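[1] Provided below for reference: sequence and predicted model.
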Amino acid sequence: MRASATTETYQTLDIKPAAPWRVFGIKVESAYRLEVFFMDGSSGWVDLGLWLRSKRIDGSIFEPLRGEDFFRRAEVALGAITWPNGADLPPDVIYDAIRLGGIWQPT
């Protein structure tokens, strides 16, 4: 039996880098303050202190973040800052604010 010759063709995938505003790392600096690192190499600060002390978050998914131990449980999931109760922050909004002034402080 004769082996047949086959030709295989390989194509490279057109993979684009992840969105620059995706978070890839965080460091909890103090109560209610995070250092945030983005996919494009930029970094800055998220300061949630005033916002978490406001009455605006009473009864919301963000209220547990007032507890410093719970706040320190922040992690990165799918490019966003999240907490175990499902609370998360908008990485694109944070990115834009940090690119403008180095810090994001929600009101």
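    Happy to help now that I have it.

[2] those helices in this protein, which residues are they?
    49-53, 68-71, 91-101 (DSSP state H).

[3] Looking at those, spot the one closest to residue 19.
    helix 91-101 (7.8 Å; Cβ to Cβ). The way it works is simple: take the backbone N, C-alpha and C, and place the C-beta from them, glycine included.

[4] and that closest one, how far from the chain's centre?
    11 Å (Cα atoms, centre = their mean, to the nearest Å).

[5] cool, stretch 62-82 as well?
    Using Cα atoms, centre = their mean, the mean C-alpha position of stretch 62-82 is found 11 Å from that of the whole chain.

[6] Kindly reformat the helices of the chain as JSON lines containing distance to residue 36, mean neighbour count and mean pLDDT.
    Output for these, formatted as JSON lines (distance: least, Cβ to Cβ, whole Å; neighbours: other Cβ atoms under 10 Å; pLDDT from 0 to 100):
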{"stretch": "helix 49-53", "distance to residue 36": "15", "mean neighbour count": "14", "mean pLDDT": "96"}
{"stretch": "helix 68-71", "distance to residue 36": "14", "mean neighbour count": "13", "mean pLDDT": "96"}
{"stretch": "helix 91-101", "distance to residue 36": "6", "mean neighbour count": "16", "mean pLDDT": "96"}
